[in-house]
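> Below: sequence and its predicted model.
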Amino acid sequence: MTHGTRHDTGIRAGTAFAARHDRSPAGVWFAPGRVNLIGEHTDYNDGFVLPFALPQRAVLAAGPAAGRRSTVRSTQEAEPVTFSAATVVPGEVPGWAGYVAGTCWAFREAGYPVPELDLELDSDVPVGAGLSSSAAVESAVGVALAGLAGVEVGPTELARIARRAENEFVGAPTGGMDQMAAMHGRAGRLVFLDTRDDTVELVPFDLPAHDLELLVIDSRAPHAHAGGEYGQRRRDCEEAAAALGVPALRDALLDDVERLADDRVRRRARHVVTENDRVREVVRLLGVGTDPREIGPLLDASHTSMRDDFEITVPHIDVAVEAARAAGAYGARMTGGGFGGCVIALCGARDVAAVTEAVEAAYAGRGWTAPVAFPGTPSAGAARLG
Ligand code: GLA
């Protein structure tokens, strides 16, 4: 199985809008999902992350509302949802439409005008796979609102608005990586983000030039406890930073971390501190033109750290990582928040089929649902499509 990218999503959102409303939308905008190459659970510790934007994207066609309230429809959902963009506040719109209404709220809170809109949403970012389908929707709404209002809002400000929707409207206590990747992504580039001040450096990542591919393997593992566990990890990190007397774990030294009394808190902090070092080392290696195969051991070390110290992997994920490595991947790790989701494997272009088959065989042997593999290709960030 594959997750094909539907390059016609823009056309579908636009034509669906036109068919329903008997008029063209005022515009069509998109924002992508993301994969994180390395730097997991560092973004809410003022640390470093290195994601890239995927070709899979949320697409939004929008125009002024025919009625007095805003209405959003999604190709993936049966029922439309109606809300007032001018007055909506947190708590009013539950479920999938909360990402849309929440971004309208956050955009308004940032001081910009938000008209009532008719919205048609389509997305080929797999939902629940740790590829930031929700940040893609928020970011698409953000660029659309800026475009419709005719105001210049930079990508970092839009990412902060989108994150505010996620944190304060939807109520998910995430960091800011996903929205920044969706806004700043660029074809052929990684987004090296310092989350302390949101500075971004685009890092070239030309795998085809080295006969390499970054395979994304969706484990399709159910991740029921992800929400609560994520919040618990945040609290562990805050406890560690407080015990160390530093503003955030970004500022902690490994020697001091090793002296923390509580075993669980010590291991959580060790993951964050060593992961920040791994991100910077990957950026250094790629920056001096090292063969990308050389980052493989850092991907492996990141996975081990997530598995043993941060404890956010699950059997489906560990099995995929081990099968990919045994079939010749140069490095493999879970990507995203954890408790399911996707694995990335750095493979020789010629080994992609063997790695995919090895993971499929490992899953079949355990009676698990087949995984879904597709190439992770660094792609463009949010923009207007038409
Ligand atoms: C989720 C969150 C991000 C980040 C990752 C883990 O994707 O949305 O902010 O914390 O988990 O790196």
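Structure received. Treat the numbers as computed from the prediction; the structure is a model and nothing was measured.

> Quick one: residues contacting the closest residue to residue 123 other than its chain neighbours.
Nearest non-adjacent residue to residue 123, counting by Cβ to Cβ, 6 or more residues apart in numbering: residue 58, 4.0 Å away. The C-beta positions use only the backbone N, C-alpha and C, and glycine is treated the same way. Going by Cβ atoms under 8 Å, 6 or more residues apart in numbering, residue 58 touches 30-33, 121-123, 125, 133, 136-137, 139-140.

> now those residues as CSV including secondary structure, distance to residue 165 and pLDDT?
Converted to CSV, those look like this (DSSP: H, G, I helix; E, B strand; the rest coil; distance: Cβ to Cβ, whole Å; pLDDT from 0 to 100):
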residue, secondary structure, distance to residue 165, pLDDT
30, strand, 17, 97
31, strand, 12, 98
32, strand, 17, 98
33, strand, 16, 98
121, strand, 14, 97
122, strand, 19, 96
123, strand, 16, 96
125, coil, 16, 96
133, helix, 14, 96
136, helix, 12, 98
137, helix, 9, 98
139, helix, 10, 98
140, helix, 12, 98
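
> what's the helix or strand where residue 268 lies packed up against?
Using DSSP states H and E, residue 268 maps to helix 263-287. Applying 3 or more Cβ pairs under 8 Å, 6 or more residues apart in numbering; DSSP states H and E, we find helix 263-287 packed against strand 48-49, strand 189-194, strand 199-204, helix 226-244, helix 254-258, helix 296-308.

> For the longest one, give me every contacting residue.
Pointing back at helix 226-244 there. Helix 226-244 is contacted from outside by 41, 44-45, 172-174, 247-249, 251-252, 256-257, 260-262, 264-266, 268-269, 272, 310, 312, 337-340, using Cβ under 8 Å, 6+ apart.

> at 7 Å instead, please
Residues outside helix 226-244 that contact it (Cβ atoms under 7 Å, 6 or more residues apart in numbering): 41, 44-45, 173, 247-249, 252, 256, 260, 264-265, 268-269, 272, 310, 312, 337-340.

> The residue nearest to residue 123 sits in which helix or strand?
Going by DSSP H and E, residue 58 is in strand 51-64.

> Which positions in this structure make contact with the ligand?
36, 40, 41, 43, 44, 174, 175, 177, 178, 336, 337 (Cβ under 6 Å from any ligand atom).

> Checking the third one next. Helix, strand or coil?
Translated: residue 41. Three-state call for residue 41 (DSSP: H, G, I helix; E, B strand; the rest coil): coil.

> That one is in contact with residue 310, isn't it?
Yes. Using Cβ atoms under 7 Å, residue 41 is in contact with residue 310, at 6.1 Å.

> Neighbour count: the two, which is higher?
Neighbour comparison, residue 41 and residue 310: the larger count goes to residue 41, with 27 against 22 (by other Cβ atoms under 10 Å).

> Report pLDDT for the more buried one.
Looking at residue 41, its pLDDT stands at 98.

> So which residues make contact with stretch 120-135?
3, 5-6, 9, 12-13, 16-17, 20, 33-35, 54, 56-61, 72-76, 99, 136-137, 162, 166, 178-179, 182, 218, 335-337, 340-342.

> What's the end-to-end length of that stretch?
End-to-end distance for stretch 120-135: 17 Å, by Cα to Cα, to the nearest Å.

> Give me the distance from that stretch to the chain's centre.
9 Å (Cα atoms, centre = their mean, to the nearest Å).
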